[in-house]
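Colleague: Got a predicted model here, sequence first, then my questions.
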Amino acid sequence: MPRIIKSHSVTSRLLSTLLLAIAIANPQLVSAEEVQLKWKDLTLNANLSLADESGFDTVILITHGTLAHNKMEIIQTWQELLNDEEISSLAINLSLGIDDRHGMYDCDTTHTHKHTDAIEEIDAWVNWLKSKGTQQIILAGHSRGGNQTAWYVQEKSNPAIKGQILLAPQTWSEQDEQNNYAERYQQELSPLLSFAKTQQKEKMMDNTHFIYCSSTRVTTASFLNYYSPDPRLDTPYLLKNTTIPTLLFSGNEDTTVPDLPKKMASIDNTMVTAIEIEGAGHFFRDLYLDDVIEHSLTFIEGL
């Protein structure tokens, strides 16, 4: 069975708050820069924060959540707290099919991206880090990015990957997907999937509800990739047989993946440690990321 831990820790929160306030007020204290990488026909970008002591030796590669970006609050704070602990990190921006993408995805933009595109983009950044001499890479991800991280680990074998840290990763079931779609959009998902399966993969579906975007434009290939039943969309399913050390965090007030703690309790894999943080929501605001950092330090030291 995985180690299941309930965390009530508030140790060092005042100190972390002070350090974060100083870093925000004096950005020169945080060594961070945007770096870019050519991938296929796109320019990928990421935020690189190098610790003075470790540099490129050990780097945590962070992937953001659905239609989001690497400068959102949770990702930026995560990097700043890691920097305080002299841990280097690389927060990547998934392209979502857009060249040199920044900021949240604009729902007016036609969706051609796929959930599984992230696997290849994570791999591109892993190889970029290896080219910089990185000996130890720890993958990390939040929400959908957590699922994409775990999926990458299942698909790619890379000795440089020493572990993964998953923060409120995506859960999935076919029935929940159908129920959530119907509740959000007052429309059934199944007929749309059936229609998309009969069309060519680049066929455009106009005025279609897709992920968080109402009445948007999406290719059938993209729609099918996100919505077709696939157990790998459920992160606990991926962790059943993972062979690398895994640290997973959930919040007991998370309404986005409320079933995550229950699902993790049934995972029989000693490589996985699951920690439930009391009071934390999906974005671990109000200093709950301090708890994440405390447990992560112990996890990293044990790799």
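Modeller: Received the coordinates, thanks. Numbers count the residues shown, from 1 in each chain.
Colleague: Pull the number of nearby residues for Lys262.
Modeller: Close neighbours of Lys262, defined as other CB atoms under 10 Å, add up to 11. Backbone N, C-alpha and C define where each C-beta goes, glycine included.
Colleague: did I read that right, Ile137 in a helix?
Modeller: No. Assessed with DSSP: H, G, I helix; E, B strand; the rest coil, Ile137 is strand; it does not lie in a helix.
Colleague: Let the chain start at 20 from now.
Modeller: Done: numbering now begins at 20, and the last item shifts to Ile156.
Colleague: So what's the residue count around it?
Modeller: Every residue meeting other CB under 10 Å relative to Ile156 is counted, giving 21.
Colleague: my guess is it meets Asn146, correct?
Modeller: No. Assessed by CB atoms under 8 Å, Ile156 is found out of contact with Asn146, at 10.2 Å.
Colleague: For the stretch 120-269 of the chain, which segments count as strands?
Modeller: 155-161, 180-186, 223-229, 232-238, 265-270 (DSSP state E, counting those that start in this stretch).
Colleague: what lines up beside the third one in the sheet?
Modeller: Next to strand 223-229 in the sheet, as set by DSSP bridges, lie strand 232-238 (antiparallel).
Colleague: If we go by neighbour counts, what in the strand it pairs with is buried?
Modeller: Cys232, Thr235, Arg236, Val237, Thr238 (16 or more other CB atoms under 10 Å).
Colleague: is the second one in a bridge, and if so with what?
Modeller: Residues in a beta bridge with Thr235, per DSSP bridges, are Thr227.
Colleague: List the contacts of it.
Modeller: Cys126, Asp127, Thr129, His130, Asn226, Thr227, His228, Phe229 (CB atoms under 8 Å, 6 or more residues apart in numbering).
Colleague: Compute the distance between the residue nearest to the first one when sequence neighbours are not counted and Met223, please.
Modeller: Read it as Cys126. Distance criterion CB to CB, 6 or more residues apart in numbering; nearest residue to Cys126, sequence neighbours excluded, is Cys232 at 3.6 Å. Per CB to CB, to the nearest Å, Cys232 is found 14 Å from Met223.
Colleague: Throw the contacts of Thr235 into TSV and include pLDDT, neighbour count and distance to Thr62, thanks.
Modeller: Converted to TSV, these look like this (pLDDT from 0 to 100; neighbours: other CB atoms under 10 Å; distance: CB to CB, whole Å):
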residue	pLDDT	neighbour count	distance to Thr62
Cys126	98	15	22
Asp127	97	8	21
Thr129	97	14	19
His130	98	24	19
Asn226	97	8	31
Thr227	98	20	28
His228	98	18	30
Phe229	98	21	25
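Colleague: on that earlier part again, and the furthest pair within the buried residues of strand 232-238?
Modeller: Cys232 and Thr238 (13.4 Å; CB to CB).
Colleague: Common neighbours of these two, please.
Modeller: His130.
Colleague: helix/strand/coil for the closest residue to Thr128 other than its chain neighbours?
Modeller: Distance criterion CB to CB, 6+ apart; nearest residue to Thr128, sequence neighbours excluded, is Ile117 at 7.0 Å. Following three-state DSSP, the label given to Ile117 is coil.
Colleague: just Gln55 next, same as before
Modeller: Quick answer, by three-state DSSP: Gln55 is strand.
Colleague: out of the buried residues of strand 232-238, who's nearest Gly164?
Modeller: For these, the nearest to Gly164 is Cys232 (18.1 Å; CB to CB).
Colleague: His130 versus that closest one, what's the distance?
Modeller: Distance from Cys232 to His130, by CB to CB: 7 Å.
Colleague: With Met91 instead?
Modeller: 19 Å.
Colleague: Repeat that for Ala201.
Modeller: 20 Å.
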